[in-house]
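> need a structure here:
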Amino acid sequence: MSGAVERTVKSTQEQAIAAWITHLNQMRLDTLIEKLNRQDINLEEALKELEKIKQFIGDPAHILGSVTTKHGEIAEHMQVNFENARRVIQGFNKNHTFDGVGRTAPEDYIRNGQQIQSKFYNGLKNTLFGNHALSEHMETYPNFIKNGGAYDIPKDQYEKMTALLEAYKKNPSQLNKADYNLAKRIDEFLEEKGLELGKDINPSAVEYGEVQQGTAAKTVDREEKNVQREDEKQRKRAYEESKPTLKEGIKAAGISAAVEGGVTFCMSVAQKRKEKKFSEFTSDDWKEIGVDSGKGTIKGGIRGGAIYVLTNFTATPANVASAYVTAAFGVAEQVKQLEAGSISEEDFVINCETVCLDVTVSAISSAAGQVIIPIPVLGAVIGNIAGEFVYELCKKQEDLKSQEIIKGYYAEMARLNQQLDVQLKNVIAEIQKAFERFQDLEKLAFDENINIAFQNSVYLAVEAGVEENKILKTQKDIDDYFLN
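Numbers count the residues shown, from 1 in each chain. From the prediction side, this is the model:
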């Protein structure tokens, strides 16, 4: 496997892991946005339910009963609208409705398909045993419970009833006479009719005092504030659930480790396979493959964890985070070789620059691929492969260009050397001639014949570069020089 192919495979695998982690992060973000959008709808629907009760109590003329009994129908509407609002704001379906219920029917509303009769009278005793109260309704409609119906009573009265019954059964002496008699009557009534608290008789969403005409508006306002608080709670919960988690980080690191370890194993086996057949692999070969795979697995785990942390806790894109990790591994390897003396300081700097350039190309091409092909992982993989391919072509073209420049340089140097050789030979020849002539003049200048020596001494002076006006060439020049 060539170096270029190996580098492309590794960088593609690295950017694929980065793209997958980006996809994990994006899924959490998409889920958060979806929950917040849904919560906007939930809040709107919950407030609509409360608006219904506001409109209802705002027109008392349409409420059944006298001034002292209108609270009964108000209680019914509060139960339906409040419970629906409370469920909707938490993301659940509405479970109360007036649909299909007549205003004077045995039931006042429907809850989860069950017929419900609401009884709101002043005091627990009146609610259970007063005129038109629960016990009387059971006499009027004896099959109401058998047919699956149930009763709602004021929340505060239900709590008082359960407290009285508990005290009556566990420590009756602590009750005063009136409470004791009431608790006894309730216990006997429940047993006689076969009623079960929490099933046949349930607490309403509101208390008796909260449904009165003078307090109903304030009750709705309080409920509206409760709904808004619950809305904030739901949004905060959605945000907390969208945060990165240790579990997801471990998952990212584990998958990254498995992928990089697997890729390293395949590349190591392919490299060995180029040298020998599978049947010729020795235990040392498999050991070496295992060591390489282990190193790849460790690097993959570190890579996955680092990318997950960088992308979630810093403003770092995944492809850049992967490039950081790859560059860190590459530089660390160069530092190791420098310390071992395998490379020089100059080689160290050049190799580090090359590593950083390689990962930069990978990061940029992966980012571009993801933009052009917005399919998780696939876009980054295709972008990285295309980017690495173009990068390798550019490097090859650059190498060819460099080789052409170097060839031209060498040819020019050879031509210049040839020219210099010719010129040098000519200069040497001239120097040789001049030197020989100088030697001849030197001999003649010191000839025994005075006239020959004199004449050649003039030639020697000229050859030596003496100025013409300073050379004594004749007898007259000699006389003028010495006598004048």
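
> could you check how far residue 210 is from residue 219?
4 Å (CB to CB, to the nearest Å). (Each C-beta comes from the backbone N, C-alpha and C, glycine too.)

> now do the shared contacts for those two.
residue 78 (CB atoms under 8 Å, 6 or more residues apart in numbering).

> a helix runs through residue 25, doesn't it?
Yes - using DSSP: H, G, I helix; E, B strand; the rest coil, the secondary structure at residue 25 is a helix.

> what's around it, how many residues?
The burial count assigned to residue 25 is 19, neighbours taken as other CB atoms under 10 Å.

> could you do residue 26 as well?
With other CB under 10 Å as criterion, residue 26 counts 12.

> now residue 32
Using other CB under 10 Å: residue 32 sits among 17 other residues.

> contacts only, for it.
So residue 32 contacts 238-239, 241-242 (CB under 8 Å, 6+ apart).

> can you tell me the element it falls in?
Residue 32 is part of helix 3-57, with elements assigned from DSSP states H and E.

> where exactly do the strands run in the protein?
Ranges of strands in the chain, per DSSP state E, are 96-97, 109-111, 114-118, 150-153, 201-203.

> buried deepest among those strands, which one?
strand 150-153 (a mean of 23; mean count of other CB atoms under 10 Å).

> out of the strands of the chain, nearest to residue 72?
Comparison of the strands of the chain against residue 72 by CB to CB identifies strand 114-118 as nearest, at 7.1 Å.

> then the closest one to CSV, C-alphas only?
This file holds the C-alpha atoms of strand 114-118, laid out as CSV (Å, rounded to 0.1, in the frame of the first residue of the first chain):
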residue,chain,number,x,y,z
GLN,A,114,-64.8,7.1,32.6
GLN,A,115,-68.0,8.9,33.7
ILE,A,116,-67.3,11.3,36.6
GLN,A,117,-69.8,13.0,38.9
SER,A,118,-68.4,16.0,40.8
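
> what helices or strands is it leaning on?
helix 71-89, strand 109-111, strand 150-153 (3 or more CB pairs under 8 Å, 6 or more residues apart in numbering; DSSP states H and E).

> one more time with 7 Å
Packing partners of strand 114-118 (3 or more CB pairs under 7 Å, 6 or more residues apart in numbering; DSSP states H and E): helix 71-89, strand 150-153.

> ok, and what's touching it?
For strand 114-118, the external contacting residues (CB atoms under 7 Å, 6 or more residues apart in numbering) are 75-76, 79, 106-110, 137, 144, 148-152, 204.

> quickly run through the sheet partners of it, with directions.
strand 109-111 (antiparallel), strand 150-153 (parallel) (DSSP bridges).

> mind putting these in CSV, mean pLDDT and distance to residue 215 included?
Formatted as CSV, those follow (pLDDT from 0 to 100; distance: least, CB to CB, whole Å):
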stretch, mean pLDDT, distance to residue 215
strand 109-111, 96, 21
strand 150-153, 97, 18
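
> for residue 252, which of those strands is the nearest?
Here strand 109-111 is closest among these (CB to CB), at 45.6 Å.

> nearest to residue 275, of the contacts of residue 32?
Of the contacts of residue 32, the one sitting nearest to residue 275 (CB to CB) turns out to be residue 242, at 50.9 Å.

> count of neighbours near that closest one?
For residue 242, using other CB under 10 Å, the count is 18.

> likewise for the one 3 residues further on?
Burial measure for residue 245: 12 neighbouring residues, criterion other CB under 10 Å.

> what's the pLDDT at it?
On pLDDT, residue 245 comes in at 78.

> now it: how far from residue 251?
9 Å.

> what do you get for residue 136?
Distance from residue 136 to residue 251, by CB to CB: 63 Å.

> for the residue lying closest to residue 31 once chain neighbours are set aside, phi and psi?
Once flanking residues are discounted, residue 31 sits nearest to residue 242: 6.3 Å by CB to CB, 6 or more residues apart in numbering. Backbone geometry at residue 242, expressed as degrees, to the nearest 10, gives phi -90, psi -10.

> and residue 242, what does it touch?
28-29, 31-32.

> among those residues, which ones are buried?
Those of these that meet the buried threshold are 28, 32, by 16 or more other CB atoms under 10 Å.

> adding pLDDT, write the contacts of residue 242 out as TSV.
Formatted as TSV, the contacts of residue 242 follow (pLDDT from 0 to 100):
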residue	pLDDT
28	82
29	81
31	87
32	87
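
> with the contacts of residue 242 in mind, which one is nearest to residue 256?
residue 28 (17.5 Å).

> I'd like the distance between the closest one and residue 246.
From residue 28 over to residue 246 (counting by CB to CB), the distance is 14 Å.

> what does residue 474 give?
Residue 474 sits at a distance of 115 Å from residue 246 (criterion: CB to CB).

> those two: which has the busier surroundings?
Under the criterion of other CB under 10 Å, the comparison of residue 474 against residue 246 puts residue 474 first, with 10 against 7.

> ok, now which ones touch the more buried one?
Going by CB under 7 Å, 6+ apart, the list of residues near residue 474 is empty.

> from residue 180, how far off is it?
169 Å.

> repeat that for residue 124.
14 Å.
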